[in-house]
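**Student:** sequence isn't available, so here's the structure alone:
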């Protein structure tokens, strides 16, 4: 289980998280929705210790992430796969080398086992013959799939996806959605997806949290969020523009 409790985070005078709380239960596909720049990426970076909260707590399986020693943090990260928005592939390395990178860094497996994991992960994302291909020869959707393969090669308990469908056409985005759902079903991983793509949220999320003004405005099932009466959440899911000179509607949650 992942629990972020009353997390505050500021960068200088800019306050990004202002009491952010979220509980992600095992087996969930938790979707964090929010406007661009609302702090979604900042929130999940606390889970892997890339950021530390100014206030509040972050726990993964009962371990307080900010209090972990460096070796303990590395051990925690070995159970969490992180899929970056841009896929973050190294263009000077083949697809297979990109997928193998994390396994080799851990140094726990023989090279033959590393190669077996690489081919297993690529097969799971429907790229079984791509190991020798260079990233520059891949489409945007294929690069995203390689990023997922690199994450699942570590056989993580948790998968964190940062805007996985951004920049993709609708058909390719649907392929990525299907793939994320398959990872949960076939591998049993718990997932957190940050996005502003409502199709992803409705299609594969088991719980959805709306991040607004640094905290969770509303959290619930896709059906509950879809039929919410909260004016701020409704404005987001209906895609209504804010009139010039006016701020978003705000009422007490």
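**Tutor:** Cool, got the structure. Predicted model, so just to flag it, every value in this text is computed and none were measured.

**Student:** spell out the residue ranges of the strands in the stretch 1-150 of the chain.
**Tutor:** 2-11, 14-24, 29-33, 55-60, 63-64, 80-83 (DSSP state E, counting those that start in this stretch).

**Student:** okay, and for the stretch 151-253 of the chain, where does confidence drop off?
**Tutor:** Across the stretch 151-253 of the chain, the ranges flagged by pLDDT under 70 are 241-253.

**Student:** now do the strands in it.
**Tutor:** 158-162, 190-195, 207-212, 215-220.

**Student:** hang on, the earlier thing: confidence-wise, which of the strands of the stretch 1-150 of the chain is weakest overall?
**Tutor:** Among the strands of the stretch 1-150 of the chain, strand 80-83 carries the lowest mean pLDDT, at a mean of 91.

**Student:** other SSEs contacting that one?
**Tutor:** helix 140-152, strand 158-162 (3 or more Cβ pairs under 8 Å, 6 or more residues apart in numbering; DSSP states H and E). Where C-beta positions appear, they are placed from N, C-alpha and C, glycine not excepted.

**Student:** what strands line up against it, and which way round?
**Tutor:** strand 158-162 (parallel) (DSSP bridges).

**Student:** kindly reformat the helices and strands packed on strand 80-83 as CSV containing mean neighbour count.
**Tutor:** Below are the helices and strands packed on strand 80-83 laid out as CSV (neighbours: other Cβ atoms under 10 Å):
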stretch, mean neighbour count
helix 140-152, 23
strand 158-162, 23
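
**Student:** the strands of the stretch 151-253 of the chain: which one's closest to residue 50?
**Tutor:** For residue 50, the closest of the strands of the stretch 151-253 of the chain is strand 158-162, at 10.4 Å, according to Cβ to Cβ.
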